[in-house]
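task: produce atomic coordinates for the following.
(2 chains, ligands or ions: 1)
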Amino acid sequence: MVKSLVAGDKGAFEKLYRQHNQGMIRFATVILRNRSTAEEVTQDTWVAVLRNIGQFEGRSSLAGWIFAILANKARTRASREGRSLSFEEDDDGGLAAAFDGMGRWKNMPELWDEITPERLANDRLILEHVSRAIEELPPAQRAVLILRGQYGFGSAEVARMLEISEGNVRVLLHRARFALRTGLDKLMRK
Amino acid sequence: MLKCNDVASRASGLLDGELGTRSTLRLWLHLAICKGCRRFIRQMNVTNELVRQSGRAETPTSIEGEEARMDEILSQANGGGDQFGKP
Ligand SMILES: [Zn+2]
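Next comes the predicted model:
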């Protein structure tokens, strides 16, 4: 893929673009809090990616390299506009509230028999519920969840992209997952 | 002995393979006697899988204006030259 891009293969670019463009816009929107600015920054990122592809050394994945450029551009743009990734709206994902004073579950977790991994891929309703629930997470949790949970980048890589500590990445990821699982547990009880 | 809330706060570490041997053992000891936490770990596993799937589900095949945007990116990247990637 990288070789084709360096050689100027338009088809290789289109494939990469279709694979990542939507995810990039979604991630940039979390940082910039504005969809059209996010689209602009994503487009700038693609131009930078194509111009600098010759310098990609394969120390991270190609996607990791692209997202590092995007994160950098988005943060620069956000700070120019007086914004930064907000931790103010952050919460603990409902962790504390799930337990009584003795550290026991207030609501015994359900057995989610209806959703097996094999059925997941076909279950549009559940996936739509999850996508909506992700949109409602506090921004910092959402940013980490997209990068760690959806793209599978490592904690250290994500920490560099967001300029936060690795410990912070882990905490935010866990809160986000816990909040999502609590939402799903409620859905399953209905 | 760990309590259920201790297990809950370490669940991501367990599933991501980031816990040490000692912490993992203590967690398994609790899981051996607690049905609620066993279910919870399974739920977290399913949740992680759903998050991965939901990321994939949003990749569209074709959107209005995408072709034009791709051409614009390519022409900006070329900046007059005939091959992107070349300085
Ligand atoms: Zn327990």
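
switch to C-alpha atoms for all contacts and neighbour counts from now on
Fine.

and the helix of greatest length in chain B, is it in reach of the ion?
As assigned by DSSP state H, the longest helix anywhere in chain B is helix B:35-57. Yes - using CA under 5 Å from the ion, helix B:35-57 reaches the ion at B:C37.

same question for that helix: list its buried residues.
B:36-56 (16 or more other CA atoms under 10 Å in any protein chain shown).

could you say what helices and strands it packs with?
Applying 3 or more CA pairs under 8 Å, 6 or more residues apart in numbering or on different chains; DSSP states H and E, we find helix B:35-57 packed against helix A:117-120, helix A:124-135, helix A:166-189, helix B:4-15, helix B:21-33.

dump these to CSV, plus distance to the ion and mean neighbour count.
Below are these laid out as CSV (distance: least, CA to the ion, whole Å; neighbours: other CA atoms under 10 Å in any protein chain shown):
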stretch, distance to the ion, mean neighbour count
helix A:117-120, 24, 12
helix A:124-135, 25, 16
helix A:166-189, 15, 20
helix B:4-15, 4, 19
helix B:21-33, 6, 14
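
need those helices in JSON lines with distance to A:I25, can you?
Listed next are the helices and strands packed on helix B:35-57 as JSON lines, based on distance: least, CA to CA, whole Å:
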{"stretch": "helix A:117-120", "distance to A:I25": "25"}
{"stretch": "helix A:124-135", "distance to A:I25": "13"}
{"stretch": "helix A:166-189", "distance to A:I25": "20"}
{"stretch": "helix B:4-15", "distance to A:I25": "27"}
{"stretch": "helix B:21-33", "distance to A:I25": "38"}
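
with adjacent residues omitted, what lies nearest to the residue of chain A at minimum distance from the ion?
Nearest residue of chain A to the ion: A:R104, at 6.7 Å (CA to the ion). Leaving aside its sequence neighbours, A:R104 sits nearest to B:C4 (CA to CA, 6 or more residues apart in numbering or on different chains; 5.3 Å).

related to what we said a few turns ago, and of the helices and strands packed on helix B:35-57, who's closest to B:L74?
Proximity to B:L74 (CA to CA) singles out helix A:124-135 among those, at 31.2 Å.

picking that back up, so the residue of chain A closest to the ion makes contact with B:L2?
No - counting by CA atoms under 8 Å, A:R104 does not reach B:L2; the two are 10.5 Å apart.

distance of A:A176 from A:A68?
22 Å (CA to CA, to the nearest Å).

swap in A:F153?
11 Å.

likewise for A:A96?
33 Å.

between those two, which one's more packed in?
More neighbours surround A:A68 than the other of A:A96 and A:A68, with 19 against 13 (other CA atoms under 10 Å in any protein chain shown).

which strand or helix spans that one?
helix A:62-80 (DSSP states H and E).

okay, buried residues for that helix please.
For helix A:62-80, by 16+ other CA under 10 Å, it's A:62, A:64-75, A:77-78.

just how off-centre is that helix within its chain?
What separates the centre of helix A:62-80 from the centre of its chain is 13 Å, taken as CA atoms, centre = their mean, to the nearest Å.

what does stretch A:42-54 give?
With CA atoms, centre = their mean, you get 20 Å for stretch A:42-54.

tell me which residue is most central in chain A.
A:I146 (1.1 Å; CA atoms, centre = their mean).

which residue comes closest to the residue most central in space within chain B once chain neighbours are left out?
Centroid-nearest residue in chain B: B:R52, 5.4 Å away (criterion: CA atoms, centre = their mean). Of all residues not flanking B:R52 in the chain, A:Q150 sits nearest, at 4.6 Å (CA to CA, 6+ apart).
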